[in-house]
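A.B. asks: Predicted model and sequence follow; I will ask about them next.
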Amino acid sequence: MRVSPSPIDPGALAAEVSGPSSGAVVLFLGTVRDHSPGREGITHLDYEAYEGRVEAKIDQIVDEAASRWPVDAAAVEHRTGRVEPGEASVAVAVACAHRAEAFEAARYLIDELKARAPIWKKEVWPGGEEWSPGS
């Protein structure tokens with residue numbers, strides 16, 4: 001688990017969770033769009049995280065996933081700071097023996113991360129900006 005301004009390396013994340021007992025590795029990348037509902041021309045997003053709590057919350061969510069599915073390994077990364085359209089802002093990698101469980105666990109991780117992790121984003125566009133919860 002890592003929360004930092006550094007770019008996400010999807011290959012490294014997949015390699016981190018891969019192992020000989022895993023028949024499936026699911027990698028989800030959340031990328032910044034140049035638009036959102038009712039708004040075109042997003043120039044970038046700025047992410048902030050509650051440093052004293054975000055890592056513990058993400059670890060809790062990963063532990064929950066591992067208790068529900070036979071997860072061999074899981075990793076989560078989230079960017080902070082400025083992230084440009086097309087860049088990954090969040091990544092989830094899950095390894096399991098079978099693909100169905102890997103997909104389900106990865107879906108759980110990203111959905112719960114977005115709902116519960118103390119991470120906020122500010123959308124920036126020409127002439128305006130707005131903060132919102134979620135990643």
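C.D. replies: Received, thanks.

A.B. asks: From Val83, how far out is the one residue sitting closest to the centre of the chain?
C.D. replies: Central residue check for the chain by CA atoms, centre = their mean: the C-alpha nearest the mean position is that of Val90, 3.0 Å away. With distances defined as CB to CB, to the nearest Å, the gap from Val90 to Val83 amounts to 9 Å. For the C-beta atoms, the positions are set from N, CA and C on the backbone; glycine is no exception.

A.B. asks: can you check Lys121 too?
C.D. replies: When CB to CB is applied, the distance between Lys121 and Val83 equals 9 Å.

A.B. asks: still on that earlier bit, would you confirm that the residue nearest to the centre of the chain contacts Gly30?
C.D. replies: Yes: contact between Val90 and Gly30 holds when scored by CB atoms under 8 Å: they sit 4.1 Å apart.

A.B. asks: Would you mind identifying the next helix or strand past the strand or helix carrying Ala14?
C.D. replies: Assigned by DSSP states H and E, Ala14 belongs to helix 10-17. Once helix 10-17 ends, the next helix or strand along the chain (criterion: DSSP H and E) is strand 24-31.
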